[in-house]
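Asker: return a 3D structure for these sequence lines:
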Amino acid sequence: MILYNMILYRTMLGGRYMPMKYDKLWDLIEKRGLSQYKLLKSKTISATTMQKLREGKSVTTESISRLCSILDCQPGDIMEYVPGEE
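Answerer: Numbering: from 1, shown residues only. Now for the predicted structure:
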């Protein structure tokens, strides 16, 4: 199911880009017996946000919070800072 292993997304923070990986998110969704489709249907996150995650684009902390709530996890369980991949 992991089609997005090499996706990085960069968040602008004080003029510096910070690379983040979401491999853990896709793994956890599968581990919880969910799917991207089910998350969209439950309106946990919008289709736009899901697409941003797929494409490695910036998402809000509110979106991260919603995902953590539905997946019963912490942000570090779904995303990872990758130093040196800037």
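
Asker: packing partners of the longest helix seen in the chain?
Answerer: For the chain, the longest helix by residue count, based on DSSP state H, is helix 61-71. Packing partners of helix 61-71 (3 or more Cβ pairs under 8 Å, 6 or more residues apart in numbering; DSSP states H and E): helix 23-31. C-beta: built from backbone N, CA, C; applies to glycine.

Asker: ok, E62 - contacts?
Answerer: Neighbour list for E62: empty [criterion: Cβ atoms under 8 Å, 6 or more residues apart in numbering].

Asker: center of the protein - which residue?
Answerer: The residue lying closest to the centre of the chain (Cα atoms, centre = their mean) is Y22, at 4.7 Å.

Asker: so what's it scoring on pLDDT?
Answerer: With respect to pLDDT, Y22 has a value of 86.

Asker: quick one: it and M50 touch, right?
Answerer: No: Y22 is beyond contact range of M50, at 11.0 Å (criterion: Cβ atoms under 8 Å).

Asker: the spatially closest residue to I64 that is not a sequence neighbour: neighbouring residues, count only.
Answerer: Nearest residue to I64, sequence neighbours excluded (Cβ to Cβ, 6 or more residues apart in numbering): P75, at 5.5 Å. Counted by other Cβ atoms under 10 Å, the residues lying close to P75 total 14.

Asker: strands along the protein, start to end?
Answerer: For the chain, the strands defined by DSSP state E cover 8-13, 16-21, 80-81.

Asker: tell me the pLDDT at the residue nearest to I64?
Answerer: Looking at P75, its pLDDT stands at 94.

Asker: also the one 3 residues further on?
Answerer: In the predicted model, I78 carries a pLDDT score of 94.
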